[in-house]
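Colleague: After the sequence you'll find the predicted model.
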Amino acid sequence: MDRNADAPWSKFDPETYVDNNYRTPLDVDVLIVRLMRDHFGRCFSGGIPDSVRGVDVGAGANLYPALSMLPWCHKVLLLEYAPPNVAYLERQLAPGGYDAAWDAFWEVLAEAPAYAAVEPRERFGEIVRVERANLFDLDGRRRWDIGTMFFVADSMSEYPEEFEAGVRNFMSSLNDGAPFAAAFMKESVGYRVGEHRFPAFRVNEARVRESLEPLAGELEIHDLHHMVRPGHEGMLLALGRRDTGIAAP
Ligand SMILES: C[S@@+](CC[C@H](N)C(=O)[O-])C[C@H]1O[C@@H](n2cnc3c(N)ncnc32)[C@H](O)[C@@H]1O
């Protein structure tokens, strides 16, 4: 069994990962982007507070969670552990703007007026920043107002306690009421990126619900029956708001 610390994160190849997963947009990602876009739109339908700060935890080589936060945020932080992925994300912030591969996802977001009003490359360059960080070090002291975590807690270790800690630390990094979106590979047995194998913890809808329910309000879990490779049984998208359980005064 592989713990998070055992996996070859320093050898993660972001370009191969993008080729495998995002270079040609898959129907399931388009569906996820629509569901997340509409969820965030509903959460901010009453207005956007000042200075909303967003976080994408374990951002890796995927920009669509960050793009989905652009209209609502004053700042977005991409937290990532693997050095090659940190370098990939930093390249996306270079003056030429992010890679054209991400335009297809923005087009789906921009079907909604709040997104259509944003010039994404300019806004991305202005408000997004990258930081190397370990999810296990998020202890609730740093908090954000909206957050995403895509294919991380389930796709970084084979140990149940590390999956639980990943979900708990992500949710603890959100302020009360913060909208969130989190995605999980269903029943994943691990994955390869190029020559290297990365661990996963097998989750189903019940397991994801059990881990999120004590920490979330308005929770909805979408069980998406799309297979993107052998070795998993679909994807799960959880949408909701952070609920700290502390009633407003
Ligand atoms: C399957 S990839 C998902 C990447 C991206 N979020 C996506 O949607 O495609 C798992 C990600 O978790 C990151 N990761 C692994 N261990 C981590 C840790 N301890 N803290 C933060 N990120 C971690 C990996 O570097 C990788 O980017």
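Modeller: That came through, no problem. Numbers count the residues shown, from 1 in each chain.

Colleague: Kindly provide the distance from the closest residue in space to residue 202 that isn't next to it in sequence to the ligand.
Modeller: Nearest residue to residue 202, sequence neighbours excluded (C-beta to C-beta, 6 or more residues apart in numbering): residue 187, at 5.0 Å. From N, CA and C alone the C-beta is placed, and that goes for glycine too. Distance from residue 187 to the ligand, counting by C-beta to the nearest ligand atom, to the nearest Å: 15 Å.

Colleague: Give me the neighbour count for residue 187.
Modeller: Using other C-beta atoms under 10 Å, residue 187 is surrounded by 16 other residues.

Colleague: Would you enumerate the residues in contact with it?
Modeller: Contacts for residue 187 were tallied using C-beta atoms under 8 Å, 6 or more residues apart in numbering; they are 202-204, 232-234.

Colleague: Using a markdown table, lay out those residues together with distance to residue 70 and secondary structure.
Modeller: Shown next, in a markdown table, are the contacts of residue 187 (distance: C-beta to C-beta, whole Å; DSSP: H, G, I helix; E, B strand; the rest coil):
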| residue | distance to residue 70 | secondary structure |
| --- | --- | --- |
| 202 | 33 | coil |
| 203 | 29 | strand |
| 204 | 32 | coil |
| 232 | 29 | coil |
| 233 | 32 | coil |
| 234 | 28 | coil |
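
Colleague: Most neighbours of all those, which one?
Modeller: Going by other C-beta under 10 Å, residue 203 tops those with 23 neighbours.

Colleague: which residues of this protein fall in strands?
Modeller: 53-57, 75-80, 128-132, 146-150, 179-185, 191-193, 196-198, 216-224, 235-242 (DSSP state E).

Colleague: The fourth one - which strands sit beside it in the sheet, and in what orientation?
Modeller: The sheet places strand 146-150 alongside strand 53-57 (parallel), strand 179-185 (parallel), with pairing taken from DSSP bridges.

Colleague: what does the second one give?
Modeller: Taking DSSP bridges as the criterion, strand 75-80 sits next to strand 53-57 (parallel), strand 128-132 (parallel) in its sheet.

Colleague: so which of those comes closest to the ligand?
Modeller: Proximity to the ligand (C-beta to the nearest ligand atom) singles out strand 53-57 among the strands paired with strand 75-80, at 6.5 Å.

Colleague: hey, which of the strands paired with strand 75-80 is tucked in deepest?
Modeller: Mean neighbour counts were taken over these using mean count of other C-beta atoms under 10 Å, and the top value, a mean of 27, falls to strand 53-57.
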